[in-house]
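S.K.: for reference, the sequence and a predicted model appear below.
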Amino acid sequence: MNNFNLTQFINEWLVAWTAQDIDRLLSFYSDDMEYLDPNTRGELKGKDAFRGYVGKLFSAWPKMSWHAKTIFEHAGGSNCTATWRAEITKPDGQILKLDGMDLILIADGKIIRNEVYFDRSRLI
């Protein structure tokens, strides 16, 4: 990918997560994408499954913001591991600051696999 800017891609992707714009968020993913995080019961495959998951997630947590801390580019320049900081407002108004990381595999400018790692117990 000659003109692919990984840092810009990741930052714009996190803006879509923060805006909770499902259609914009899905535009970053391939049709056959795979997604896994501590809140899913196993791997989600395909955009339809992911759309259903993020719709429920955004309904349960309507105020979240995401910011990249460090982006570790993998060999080849289109895959990465990114550390992040999230601020999530709980229903009682308490703001949680969470740190985590994502493994992000990209092909042809779209995320094909996204694995998320963070301490889910902080959300309870």
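M.R.: Everything's here; your move.
S.K.: name every strand pairing with the helix or strand hosting M33 and say which way it goes.
M.R.: According to DSSP states H and E, M33 maps onto strand 29-36. Take DSSP bridges as the rule and strand 29-36 pairs in its sheet with strand 44-45 (antiparallel), strand 110-118 (parallel).
S.K.: let me know the average pLDDT across that strand.
M.R.: In this model, strand 29-36 has an average pLDDT of 98.
S.K.: now find how far off-centre it is within its chain.
M.R.: Here the centre of strand 29-36 is set off from its chain's centre by 11 Å, with CA atoms, centre = their mean, to the nearest Å.
S.K.: contacts for the top strand by length along the chain?
M.R.: The residue-count maximum for a strand in the chain (DSSP state E) belongs to strand 95-107. With CB atoms under 8 Å, 6 or more residues apart in numbering as the contact definition, strand 95-107 has outside contacts at 4, 6, 9-10, 30, 69, 78-90, 111-119, 122-123. Any C-beta I mention is one placed from the backbone N, CA and C, and that applies to glycine too.
S.K.: which residues of this protein score low on pLDDT?
M.R.: Low-confidence segments of the chain, defined by pLDDT under 70: 1-2.
S.K.: can you pull out the helices in this protein?
M.R.: Under the criterion DSSP state H, the chain contains helices at 6-19, 22-26, 47-60.
S.K.: save those as JSON lines, and put in distance to L96 and mean neighbour count too.
M.R.: Below are the helices of the chain laid out as JSON lines (distance: least, CB to CB, whole Å; neighbours: other CB atoms under 10 Å):
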{"stretch": "helix 6-19", "distance to L96": "15", "mean neighbour count": "17"}
{"stretch": "helix 22-26", "distance to L96": "21", "mean neighbour count": "15"}
{"stretch": "helix 47-60", "distance to L96": "13", "mean neighbour count": "14"}
